[in-house]
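>>> Got a sequence here, can you model it:
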Amino acid sequence: MHSAPERGSAASGRAPDVRGKWWPLVAITLGNFVLLVDVTIVNAALPRISDGLNASFTSLQWVMDIYALALAALLMVAGSAADLFGRRKLYVAGLALFALASLACGLAPDAGTLIAARAVQGVGAAAMFATNTPLLMAAYRGRDRGAAFGIWGGTSGAAAAVGPVLGGLLTEYVDWRAIFLVNLPLAAIAVAITLRHVQESHGDRTARIDWPGAASFTVCAGALTYGLMRGGEEGWTESGTLGSLAVAVLALLVFVVVERRVRQPLLDLALLRRPTFAVLMVAALLLQAAAFPYLTFVGLWTQNILGLSPVQAGLAVLPLAGTSLLVGALGGRLLQRMAPQLPVGIGLLLVGSGTLLHVALLGDGAGWAALIPGLAVSGLGVGMAMPVLVSAALGAAPPQRAGMASGAVNTFRQLGFAFGIAVLGTVFAAALHEAGPGGPGRTIGAAYLDGLHRITLISGLVALAAGLLVLAVVRRSAADAGGGAAGTPDAGGRTGAADGASAAPAREGAPAGG
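You can find the predicted model right below:
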(Lines give C-alpha, C1' and ligand atoms only; values in the text may rest on other atoms or scores of the structure.)
Protein backbone atom coordinates (compact mmCIF):
# COMPACT_ATOMS: atom_id res chain seq x y z
CA MET A 1 0.00 0.00 0.00
CA HIS A 2 1.40 3.38 -0.99
CA SER A 3 0.48 6.66 0.61
CA ALA A 4 -0.15 9.84 -1.29
CA PRO A 5 3.00 11.88 -1.83
CA GLU A 6 3.79 13.92 1.23
CA ARG A 7 3.16 17.58 0.57
CA GLY A 8 6.20 19.59 1.44
CA SER A 9 8.41 16.61 2.25
CA ALA A 10 12.05 16.77 1.37
CA ALA A 11 11.61 13.89 -1.03
CA SER A 12 8.99 15.64 -3.19
CA GLY A 13 11.32 18.35 -4.43
CA ARG A 14 8.50 20.89 -4.33
CA ALA A 15 7.90 23.98 -2.20
CA PRO A 16 6.77 22.94 1.25
CA ASP A 17 3.13 23.17 2.22
CA VAL A 18 3.30 24.61 5.71
CA ARG A 19 -0.16 23.33 6.55
CA GLY A 20 0.74 19.68 6.01
CA LYS A 21 4.48 19.27 6.34
CA TRP A 22 4.44 18.53 10.08
CA TRP A 23 2.14 15.50 9.92
CA PRO A 24 5.08 13.05 9.65
CA LEU A 25 6.49 14.57 12.85
CA VAL A 26 3.13 14.11 14.59
CA ALA A 27 2.93 10.45 13.56
CA ILE A 28 6.49 9.58 14.56
CA THR A 29 6.50 11.58 17.78
CA LEU A 30 3.22 10.05 18.91
CA GLY A 31 4.52 6.50 18.46
CA ASN A 32 7.82 7.35 20.15
CA PHE A 33 6.00 8.95 23.09
CA VAL A 34 3.76 5.92 23.59
CA LEU A 35 6.59 3.38 23.55
CA LEU A 36 8.70 5.41 25.98
CA VAL A 37 5.81 6.12 28.35
CA ASP A 38 5.27 2.37 28.63
CA VAL A 39 8.70 1.99 30.24
CA THR A 40 7.61 3.98 33.30
CA ILE A 41 3.79 3.99 33.23
CA VAL A 42 3.77 0.61 35.00
CA ASN A 43 5.63 1.88 38.10
CA ALA A 44 2.68 3.40 39.92
CA ALA A 45 0.44 0.44 39.06
CA LEU A 46 2.65 -2.35 40.42
CA PRO A 47 0.93 -2.71 43.83
CA ARG A 48 -2.51 -2.90 42.15
CA ILE A 49 -1.19 -5.40 39.59
CA SER A 50 0.20 -7.50 42.42
CA ASP A 51 -3.17 -7.50 44.18
CA GLY A 52 -5.24 -8.03 41.05
CA LEU A 53 -3.21 -10.92 39.63
CA ASN A 54 -1.76 -12.28 42.87
CA ALA A 55 1.65 -11.63 41.36
CA SER A 56 4.87 -12.36 43.22
CA PHE A 57 7.71 -9.85 43.60
CA THR A 58 9.69 -11.69 40.91
CA SER A 59 6.71 -11.53 38.55
CA LEU A 60 6.53 -7.77 39.06
CA GLN A 61 10.22 -7.55 38.18
CA TRP A 62 9.53 -9.39 34.93
CA VAL A 63 6.57 -7.14 34.12
CA MET A 64 8.98 -4.22 34.23
CA ASP A 65 12.04 -5.96 32.82
CA ILE A 66 10.81 -8.02 29.89
CA TYR A 67 9.64 -4.95 27.96
CA ALA A 68 13.02 -3.22 28.16
CA LEU A 69 14.82 -6.50 27.51
CA ALA A 70 12.89 -7.26 24.30
CA LEU A 71 13.34 -3.68 23.16
CA ALA A 72 17.10 -3.82 23.73
CA ALA A 73 17.62 -7.26 22.24
CA LEU A 74 15.83 -6.47 18.97
CA LEU A 75 16.63 -2.81 18.43
CA MET A 76 19.66 -3.26 16.19
CA VAL A 77 18.17 -6.04 14.08
CA ALA A 78 14.96 -4.00 13.71
CA GLY A 79 17.04 -1.18 12.26
CA SER A 80 18.57 -3.55 9.71
CA ALA A 81 15.16 -4.95 8.78
CA ALA A 82 13.77 -1.43 8.35
CA ASP A 83 16.55 -0.48 5.94
CA LEU A 84 15.88 -3.60 3.90
CA PHE A 85 12.09 -3.91 3.89
CA GLY A 86 11.04 -0.29 4.36
CA ARG A 87 11.08 1.98 7.37
CA ARG A 88 7.47 3.11 7.16
CA LYS A 89 6.30 -0.46 6.68
CA LEU A 90 8.16 -1.66 9.77
CA TYR A 91 7.03 1.34 11.81
CA VAL A 92 3.37 0.63 11.04
CA ALA A 93 3.87 -3.08 11.75
CA GLY A 94 5.49 -2.19 15.07
CA LEU A 95 2.59 0.07 16.00
CA ALA A 96 0.06 -2.64 15.16
CA LEU A 97 1.94 -5.30 17.14
CA PHE A 98 2.38 -2.90 20.06
CA ALA A 99 -1.36 -2.18 20.11
CA LEU A 100 -2.35 -5.86 19.99
CA ALA A 101 0.10 -6.68 22.77
CA SER A 102 -1.27 -3.76 24.82
CA LEU A 103 -4.75 -5.22 24.44
CA ALA A 104 -3.45 -8.58 25.66
CA CYS A 105 -1.79 -6.84 28.64
CA GLY A 106 -5.03 -5.10 29.51
CA LEU A 107 -7.01 -8.36 29.39
CA ALA A 108 -4.35 -10.55 31.05
CA PRO A 109 -5.94 -13.05 33.48
CA ASP A 110 -2.69 -13.85 35.27
CA ALA A 111 0.87 -12.67 35.73
CA GLY A 112 2.34 -15.10 33.19
CA THR A 113 0.08 -13.82 30.42
CA LEU A 114 0.91 -10.22 31.32
CA ILE A 115 4.64 -10.92 31.20
CA ALA A 116 4.34 -12.64 27.80
CA ALA A 117 2.28 -9.77 26.41
CA ARG A 118 4.80 -7.25 27.71
CA ALA A 119 7.52 -9.12 25.82
CA VAL A 120 5.53 -8.80 22.59
CA GLN A 121 5.03 -5.12 23.39
CA GLY A 122 8.80 -4.80 23.50
CA VAL A 123 9.12 -6.39 20.06
CA GLY A 124 6.72 -3.85 18.61
CA ALA A 125 8.48 -1.03 20.45
CA ALA A 126 11.83 -2.09 18.96
CA ALA A 127 10.39 -1.79 15.44
CA MET A 128 8.99 1.65 16.29
CA PHE A 129 12.10 2.96 18.05
CA ALA A 130 14.51 1.76 15.35
CA THR A 131 12.60 3.59 12.60
CA ASN A 132 11.96 6.92 14.38
CA THR A 133 15.20 8.65 13.46
CA PRO A 134 15.55 7.54 9.81
CA LEU A 135 11.91 8.40 9.08
CA LEU A 136 12.43 11.90 10.44
CA MET A 137 15.69 12.18 8.49
CA ALA A 138 13.89 11.29 5.27
CA ALA A 139 10.99 13.66 5.94
CA TYR A 140 12.85 16.87 6.79
CA ARG A 141 15.87 18.89 5.74
CA GLY A 142 17.67 22.02 6.92
CA ARG A 143 15.98 24.12 9.59
CA ASP A 144 12.90 21.92 9.47
CA ARG A 145 14.99 18.92 10.48
CA GLY A 146 16.46 20.75 13.45
CA ALA A 147 13.00 21.88 14.56
CA ALA A 148 11.55 18.39 14.07
CA PHE A 149 14.24 16.73 16.19
CA GLY A 150 13.89 19.40 18.85
CA ILE A 151 10.17 18.69 19.23
CA TRP A 152 10.68 14.92 18.97
CA GLY A 153 13.42 14.96 21.59
CA GLY A 154 11.48 17.21 23.94
CA THR A 155 8.53 14.86 23.75
CA SER A 156 10.84 11.93 24.48
CA GLY A 157 11.99 13.67 27.61
CA ALA A 158 8.43 14.49 28.62
CA ALA A 159 7.58 10.78 28.47
CA ALA A 160 9.73 10.21 31.55
CA ALA A 161 7.75 12.80 33.47
CA VAL A 162 4.32 11.86 32.15
CA GLY A 163 4.67 8.07 32.55
CA PRO A 164 4.45 7.72 36.35
CA VAL A 165 1.79 10.44 36.68
CA LEU A 166 -0.37 9.11 33.85
CA GLY A 167 0.00 5.59 35.25
CA GLY A 168 -1.07 6.84 38.66
CA LEU A 169 -4.12 8.68 37.30
CA LEU A 170 -5.36 5.75 35.24
CA THR A 171 -4.71 3.25 38.03
CA GLU A 172 -6.41 5.31 40.71
CA TYR A 173 -9.42 6.62 38.80
CA VAL A 174 -10.01 3.86 36.21
CA ASP A 175 -8.13 0.59 36.70
CA TRP A 176 -4.58 -0.66 36.34
CA ARG A 177 -5.56 -2.33 33.08
CA ALA A 178 -6.25 1.10 31.60
CA ILE A 179 -2.51 1.88 31.53
CA PHE A 180 -2.25 -0.61 28.67
CA LEU A 181 -5.62 -0.11 26.98
CA VAL A 182 -4.95 3.62 26.53
CA ASN A 183 -2.32 2.65 23.95
CA LEU A 184 -4.92 1.34 21.49
CA PRO A 185 -6.48 4.63 20.33
CA LEU A 186 -3.09 6.38 20.35
CA ALA A 187 -1.52 3.66 18.19
CA ALA A 188 -4.51 3.71 15.83
CA ILE A 189 -4.14 7.46 15.34
CA ALA A 190 -0.39 7.10 14.70
CA VAL A 191 -1.02 4.35 12.11
CA ALA A 192 -3.63 6.43 10.28
CA ILE A 193 -1.40 9.51 10.09
CA THR A 194 1.62 7.45 9.05
CA LEU A 195 -0.19 5.74 6.17
CA ARG A 196 -1.51 9.07 4.95
CA HIS A 197 1.46 11.38 5.38
CA VAL A 198 4.76 9.50 5.81
CA GLN A 199 6.80 8.54 2.76
CA GLU A 200 8.42 5.11 2.53
CA SER A 201 12.22 5.06 2.68
CA HIS A 202 14.91 2.39 2.63
CA GLY A 203 18.56 2.02 3.52
CA ASP A 204 20.92 -0.38 1.76
CA ARG A 205 18.49 -2.82 0.10
CA THR A 206 21.31 -5.19 -0.83
CA ALA A 207 22.25 -5.69 2.82
CA ARG A 208 21.56 -8.90 4.70
CA ILE A 209 20.18 -9.18 8.20
CA ASP A 210 22.55 -10.77 10.69
CA TRP A 211 20.08 -13.32 12.08
CA PRO A 212 22.70 -15.48 13.86
CA GLY A 213 24.07 -12.39 15.59
CA ALA A 214 20.59 -11.23 16.57
CA ALA A 215 19.67 -14.67 17.93
CA SER A 216 22.83 -15.10 19.99
CA PHE A 217 22.61 -11.54 21.35
CA THR A 218 18.98 -12.08 22.39
CA VAL A 219 19.75 -15.40 24.09
CA CYS A 220 22.70 -13.85 25.93
CA ALA A 221 20.69 -10.88 27.25
CA GLY A 222 17.69 -13.01 28.20
CA ALA A 223 19.67 -15.76 29.91
CA LEU A 224 21.77 -13.27 31.86
CA THR A 225 18.70 -11.40 33.10
CA TYR A 226 16.96 -14.63 34.07
CA GLY A 227 20.08 -15.88 35.84
CA LEU A 228 20.42 -12.66 37.84
CA MET A 229 16.81 -12.81 38.99
CA ARG A 230 16.87 -16.54 39.72
CA GLY A 231 20.12 -16.22 41.63
CA GLY A 232 18.54 -13.74 44.01
CA GLU A 233 15.49 -15.91 44.52
CA GLU A 234 16.88 -19.45 44.51
CA GLY A 235 20.56 -18.95 45.31
CA TRP A 236 23.68 -18.41 43.24
CA THR A 237 24.80 -22.04 43.37
CA GLU A 238 21.39 -23.43 42.39
CA SER A 239 21.50 -25.48 39.17
CA GLY A 240 19.01 -23.31 37.29
CA THR A 241 20.95 -20.16 38.12
CA LEU A 242 24.28 -21.65 37.07
CA GLY A 243 22.73 -23.08 33.92
CA SER A 244 21.27 -19.71 32.91
CA LEU A 245 24.53 -17.89 33.48
CA ALA A 246 26.41 -20.57 31.53
CA VAL A 247 24.00 -20.18 28.60
CA ALA A 248 24.57 -16.42 28.71
CA VAL A 249 28.35 -16.83 28.53
CA LEU A 250 28.10 -19.38 25.72
CA ALA A 251 25.71 -17.16 23.74
CA LEU A 252 28.08 -14.21 24.17
CA LEU A 253 30.97 -16.26 22.79
CA VAL A 254 28.81 -17.30 19.83
CA PHE A 255 27.86 -13.65 19.24
CA VAL A 256 31.52 -12.59 19.20
CA VAL A 257 32.47 -15.35 16.76
CA VAL A 258 29.53 -14.56 14.47
CA GLU A 259 30.19 -10.83 14.46
CA ARG A 260 33.86 -11.35 13.61
CA ARG A 261 33.06 -13.59 10.64
CA VAL A 262 29.85 -12.28 9.11
CA ARG A 263 30.20 -9.80 6.25
CA GLN A 264 27.52 -7.42 7.54
CA PRO A 265 27.55 -7.68 11.33
CA LEU A 266 24.87 -6.47 13.66
CA LEU A 267 27.62 -4.73 15.65
CA ASP A 268 31.07 -4.13 14.22
CA LEU A 269 33.27 -5.24 17.11
CA ALA A 270 36.05 -3.00 15.79
CA LEU A 271 34.07 -0.09 17.21
CA LEU A 272 34.62 -1.46 20.69
CA ARG A 273 38.37 -1.26 20.15
CA ARG A 274 38.01 2.53 20.12
CA PRO A 275 38.40 3.51 23.79
CA THR A 276 36.07 6.48 23.54
CA PHE A 277 33.28 4.50 21.88
CA ALA A 278 33.65 1.53 24.23
CA VAL A 279 33.53 3.70 27.36
CA LEU A 280 30.51 5.59 26.02
CA MET A 281 28.67 2.26 25.65
CA VAL A 282 29.58 1.40 29.25
CA ALA A 283 28.41 4.87 30.30
CA ALA A 284 25.09 4.43 28.49
CA LEU A 285 24.49 1.10 30.22
CA LEU A 286 25.51 2.26 33.70
CA LEU A 287 23.74 5.63 33.50
CA GLN A 288 20.45 3.94 32.69
CA ALA A 289 21.08 1.26 35.33
CA ALA A 290 21.88 3.79 38.05
CA ALA A 291 19.37 6.55 37.36
CA PHE A 292 16.05 4.81 36.75
CA PRO A 293 15.54 1.19 37.91
CA TYR A 294 15.62 1.99 41.64
CA LEU A 295 12.58 4.26 41.14
CA THR A 296 10.49 1.12 40.63
CA PHE A 297 11.18 0.10 44.23
CA VAL A 298 10.75 3.66 45.48
CA GLY A 299 7.24 3.45 44.02
CA LEU A 300 6.54 0.29 45.99
CA TRP A 301 7.78 1.97 49.18
CA THR A 302 5.69 5.11 48.73
CA GLN A 303 2.49 3.11 48.23
CA ASN A 304 2.96 0.02 50.38
CA ILE A 305 4.64 1.71 53.36
CA LEU A 306 3.81 5.43 53.18
CA GLY A 307 0.28 4.78 51.98
CA LEU A 308 0.42 7.18 49.03
CA SER A 309 -2.14 6.81 46.27
CA PRO A 310 -0.94 5.83 42.77
CA VAL A 311 -1.20 9.46 41.66
CA GLN A 312 0.77 10.70 44.65
CA ALA A 313 3.38 8.00 44.10
CA GLY A 314 3.78 9.14 40.50
CA LEU A 315 4.15 12.77 41.53
CA ALA A 316 6.70 11.85 44.21
CA VAL A 317 9.33 10.88 41.61
CA LEU A 318 8.54 13.77 39.27
CA PRO A 319 11.51 15.95 40.37
CA LEU A 320 14.00 13.73 38.52
CA ALA A 321 12.20 13.77 35.18
CA GLY A 322 11.19 17.42 35.52
CA THR A 323 14.70 18.62 36.34
CA SER A 324 16.31 16.57 33.58
CA LEU A 325 13.82 17.86 31.02
CA LEU A 326 14.41 21.45 32.12
CA VAL A 327 18.19 21.12 31.93
CA GLY A 328 18.03 19.49 28.51
CA ALA A 329 15.67 22.15 27.17
CA LEU A 330 17.55 25.17 28.52
CA GLY A 331 21.13 23.97 28.21
CA GLY A 332 21.05 21.57 25.27
CA ARG A 333 22.96 23.76 22.82
CA LEU A 334 25.60 24.68 25.40
CA LEU A 335 26.10 21.04 26.35
CA GLN A 336 26.63 20.08 22.70
CA ARG A 337 29.45 22.64 22.36
CA MET A 338 31.38 21.11 25.26
CA ALA A 339 33.86 18.26 25.01
CA PRO A 340 31.60 15.21 25.51
CA GLN A 341 33.48 13.83 28.51
CA LEU A 342 32.42 16.88 30.55
CA PRO A 343 28.60 16.72 30.36
CA VAL A 344 28.57 12.91 30.34
CA GLY A 345 31.16 12.47 33.09
CA ILE A 346 29.95 15.28 35.33
CA GLY A 347 26.37 14.24 34.69
CA LEU A 348 27.12 10.73 35.91
CA LEU A 349 28.84 12.14 39.02
CA LEU A 350 25.72 14.18 39.74
CA VAL A 351 23.49 11.13 39.25
CA GLY A 352 25.67 9.23 41.71
CA SER A 353 25.69 12.07 44.22
CA GLY A 354 21.92 12.52 44.03
CA THR A 355 21.29 8.81 44.44
CA LEU A 356 23.60 8.62 47.44
CA LEU A 357 21.65 11.46 49.04
CA HIS A 358 18.79 8.98 49.43
CA VAL A 359 21.00 6.86 51.67
CA ALA A 360 21.49 9.83 53.98
CA LEU A 361 17.97 11.29 53.88
CA LEU A 362 15.72 8.21 53.86
CA GLY A 363 15.82 7.46 57.58
CA ASP A 364 13.25 6.23 60.06
CA GLY A 365 10.09 8.29 59.79
CA ALA A 366 11.09 9.81 56.45
CA GLY A 367 8.28 10.79 54.11
CA TRP A 368 8.13 11.25 50.36
CA ALA A 369 9.56 14.78 50.62
CA ALA A 370 12.91 13.26 51.62
CA LEU A 371 13.21 12.06 48.02
CA ILE A 372 13.19 15.55 46.50
CA PRO A 373 16.84 16.66 47.01
CA GLY A 374 18.33 13.45 45.66
CA LEU A 375 15.92 13.26 42.73
CA ALA A 376 16.60 16.88 41.79
CA VAL A 377 20.37 16.41 41.81
CA SER A 378 20.10 13.16 39.84
CA GLY A 379 17.77 14.86 37.37
CA LEU A 380 20.36 17.57 36.82
CA GLY A 381 22.90 14.88 35.97
CA VAL A 382 20.55 12.99 33.66
CA GLY A 383 19.72 16.23 31.85
CA MET A 384 23.42 16.87 31.28
CA ALA A 385 24.58 13.38 30.32
CA MET A 386 21.74 11.74 28.43
CA PRO A 387 21.36 14.20 25.53
CA VAL A 388 25.09 14.11 24.76
CA LEU A 389 25.52 10.32 24.80
CA VAL A 390 24.09 9.66 21.34
CA SER A 391 25.88 12.54 19.61
CA ALA A 392 29.14 11.59 21.34
CA ALA A 393 28.78 7.97 20.21
CA LEU A 394 28.11 9.13 16.65
CA GLY A 395 31.22 11.27 16.75
CA ALA A 396 33.33 8.41 18.12
CA ALA A 397 32.39 6.12 15.21
CA PRO A 398 33.33 6.38 11.54
CA PRO A 399 30.70 8.24 9.47
CA GLN A 400 29.69 5.07 7.63
CA ARG A 401 28.90 3.43 10.99
CA ALA A 402 26.70 6.26 12.30
CA GLY A 403 23.49 4.24 12.14
CA MET A 404 25.12 1.29 13.89
CA ALA A 405 26.56 3.57 16.57
CA SER A 406 23.16 5.13 17.25
CA GLY A 407 21.51 1.72 17.50
CA ALA A 408 24.27 0.44 19.78
CA VAL A 409 24.05 3.28 22.30
CA ASN A 410 20.27 2.96 22.55
CA THR A 411 20.60 -0.80 22.90
CA PHE A 412 23.05 -0.42 25.76
CA ARG A 413 20.72 2.09 27.41
CA GLN A 414 17.82 -0.36 27.39
CA LEU A 415 20.06 -3.19 28.57
CA GLY A 416 21.12 -0.99 31.46
CA PHE A 417 17.52 -0.61 32.55
CA ALA A 418 16.83 -4.34 32.20
CA PHE A 419 19.96 -5.41 34.08
CA GLY A 420 19.38 -2.71 36.70
CA ILE A 421 15.90 -4.01 37.48
CA ALA A 422 17.28 -7.55 37.75
CA VAL A 423 20.25 -6.74 40.00
CA LEU A 424 18.58 -4.16 42.22
CA GLY A 425 15.46 -6.30 42.49
CA THR A 426 17.58 -9.15 43.79
CA VAL A 427 19.16 -6.90 46.43
CA PHE A 428 15.84 -5.36 47.41
CA ALA A 429 14.13 -8.75 47.68
CA ALA A 430 16.91 -10.00 49.98
CA ALA A 431 16.17 -7.13 52.37
CA LEU A 432 12.45 -7.93 52.35
CA HIS A 433 13.09 -11.62 52.98
CA GLU A 434 15.01 -10.72 56.11
CA ALA A 435 11.80 -9.28 57.53
CA GLY A 436 9.92 -12.54 56.97
CA PRO A 437 9.86 -15.79 58.94
CA GLY A 438 13.32 -16.69 60.11
CA GLY A 439 14.57 -13.14 59.69
CA PRO A 440 15.86 -10.83 62.42
CA GLY A 441 12.35 -9.70 63.30
CA ARG A 442 12.41 -6.25 61.68
CA THR A 443 9.20 -4.53 60.67
CA ILE A 444 8.29 -4.52 56.99
CA GLY A 445 8.75 -0.74 56.93
CA ALA A 446 12.31 -1.07 58.23
CA ALA A 447 12.97 -3.79 55.67
CA TYR A 448 11.79 -1.54 52.84
CA LEU A 449 14.06 1.27 54.02
CA ASP A 450 16.99 -1.12 54.34
CA GLY A 451 16.33 -2.33 50.81
CA LEU A 452 16.18 1.22 49.48
CA HIS A 453 19.44 2.06 51.26
CA ARG A 454 21.16 -0.93 49.67
CA ILE A 455 19.97 -0.32 46.11
CA THR A 456 20.56 3.43 46.17
CA LEU A 457 24.05 2.87 47.57
CA ILE A 458 24.82 0.45 44.72
CA SER A 459 23.29 2.78 42.11
CA GLY A 460 25.18 5.79 43.44
CA LEU A 461 28.57 4.08 43.54
CA VAL A 462 28.05 2.66 40.03
CA ALA A 463 27.25 6.10 38.65
CA LEU A 464 30.26 7.68 40.38
CA ALA A 465 32.59 5.01 39.00
CA ALA A 466 31.17 5.41 35.50
CA GLY A 467 31.59 9.20 35.69
CA LEU A 468 35.23 8.93 36.68
CA LEU A 469 35.84 6.42 33.89
CA VAL A 470 34.31 8.75 31.30
CA LEU A 471 36.36 11.72 32.49
CA ALA A 472 39.54 9.64 32.38
CA VAL A 473 39.11 7.98 28.98
CA VAL A 474 36.71 9.83 26.70
CA ARG A 475 38.13 12.54 24.51
CA ARG A 476 36.49 14.88 22.02
CA SER A 477 34.82 12.49 19.60
CA ALA A 478 35.29 14.58 16.49
CA ALA A 479 39.05 14.29 16.81
CA ASP A 480 38.84 10.55 17.34
CA ALA A 481 36.57 9.71 14.44
CA GLY A 482 37.01 12.48 11.95
CA GLY A 483 33.34 13.37 12.26
CA GLY A 484 31.44 16.02 14.14
CA ALA A 485 30.23 15.11 17.54
CA ALA A 486 27.25 17.29 16.89
CA GLY A 487 26.80 16.04 13.36
CA THR A 488 23.47 14.69 12.29
CA PRO A 489 23.25 11.42 10.35
CA ASP A 490 21.31 11.91 7.17
CA ALA A 491 18.84 9.44 5.70
CA GLY A 492 21.70 7.33 4.48
CA GLY A 493 23.49 7.19 7.79
CA ARG A 494 26.18 9.76 7.03
CA THR A 495 27.04 12.56 9.44
CA GLY A 496 27.32 16.25 8.92
CA ALA A 497 26.44 19.48 10.63
CA ALA A 498 25.82 21.68 7.65
CA ASP A 499 22.07 21.58 7.48
CA GLY A 500 21.11 23.23 10.73
CA ALA A 501 20.19 20.01 12.48
CA SER A 502 23.01 19.78 14.95
CA ALA A 503 20.59 19.22 17.80
CA ALA A 504 19.16 16.07 16.29
CA PRO A 505 21.31 13.37 17.80
CA ALA A 506 21.39 15.17 21.10
CA ARG A 507 17.65 14.90 21.32
CA GLU A 508 17.66 11.20 20.51
CA GLY A 509 19.11 10.53 23.92
CA ALA A 510 16.53 12.57 25.78
CA PRO A 511 15.75 11.23 29.24
CA ALA A 512 13.23 8.52 28.92
CA GLY A 513 13.28 6.34 31.97
CA GLY A 514 14.26 3.34 29.92
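>>> which residues of the stretch 401-514 of the chain fall in helices?
Ranges of helices in the stretch 401-514 of the chain, per DSSP state H, counting those that start in this stretch, are 402-433, 444-473, 477-481, 504-508.
>>> which stretch in these has the least confidence?
Per-stretch averages of pLDDT across these put helix 504-508 at the bottom, with a mean of 38.
>>> about what we covered before: and the helices of the stretch 401-514 of the chain, which is most packed in?
helix 504-508 (a mean of 29; mean count of other C-beta atoms under 10 Å). The C-beta positions use only the backbone N, C-alpha and C, and glycine is treated the same way.
>>> low-scoring pLDDT stretches of this structure, where are they?
1-19, 435-441, 476-514 (pLDDT under 70).
>>> count of neighbours near residue 389?
For residue 389, the count of nearby residues is 28 (other C-beta atoms under 10 Å).
>>> Look at it and give its secondary structure.
Applying DSSP: H, G, I helix; E, B strand; the rest coil to residue 389 yields a three-state assignment of helix.
>>> show me what contacts it?
For residue 389, the contact set (C-beta atoms under 8 Å, 6 or more residues apart in numbering) comprises 280, 283, 284, 287, 344, 409, 413, 509.
>>> So what's the residue count around the fifth one?
If I follow you right, that is residue 344. For residue 344, using other C-beta under 10 Å, the count is 31.
>>> Out of the helices of the stretch 401-514 of the chain, which is closest to residue 245?
With C-beta to C-beta, the closest approach to residue 245 among these belongs to helix 402-433: 12.0 Å.
>>> Any idea how far that closest one is from the middle of the chain?
Average the C-alpha atoms of helix 402-433, do the same for its chain, and the two points are 9 Å apart (C-alpha atoms, centre = their mean, to the nearest Å).
>>> That helix packs against which elements?
For helix 402-433, the helices and strands in contact under the criterion 3 or more C-beta pairs under 8 Å, 6 or more residues apart in numbering; DSSP states H and E are helix 57-85, helix 111-139, helix 211-234, helix 275-291, helix 294-304, helix 372-395, helix 444-473, helix 504-508.
>>> Identify each buried residue in stretch 259-267, please.
Buried residues in stretch 259-267, counted by 16 or more other C-beta atoms under 10 Å: 259, 265, 266, 267.
>>> what does the strand or helix carrying the first one rub up against?
It refers to residue 259. If you go by DSSP states H and E, residue 259 is part of helix 239-261. When contacts are defined by C-beta under 8 Å, 6+ apart, helix 239-261 is touched by residues 210, 212-213, 216-217, 219-221, 223-224, 226-227, 230-231, 234-236, 265-269.
>>> Separate out the buried members of these.
If you count burial by 16+ other C-beta under 10 Å, the buried members of these come out as 210, 212-213, 216-217, 219-221, 223-224, 226-227, 230-231, 265-268.
>>> Tell me, how many residues neighbour the closest residue to residue 425 other than its chain neighbours?
Distance criterion C-beta to C-beta, 6 or more residues apart in numbering; nearest residue to residue 425, sequence neighbours excluded, is residue 61 at 4.4 Å. By the measure other C-beta under 10 Å, the count of residues near residue 61 is 28.
>>> do you know how far residue 61 is from residue 222?
Between residue 61 and residue 222 the distance is 14 Å, computed by C-beta to C-beta, to the nearest Å.
>>> thinking residue 38 is in contact with residue 125, fair?
Yes - if you go by C-beta atoms under 8 Å, residue 38 and residue 125 touch, sitting 7.1 Å apart.
>>> who touches both of the two?
Taking C-beta under 8 Å, 6+ apart as the contact criterion, the residues that touch both residue 38 and residue 125 are residue 67.
>>> and the residue nearest to residue 425, what is it in contact with?
Here residue 61 is in contact with 229, 421, 422, 425 (C-beta under 8 Å, 6+ apart).
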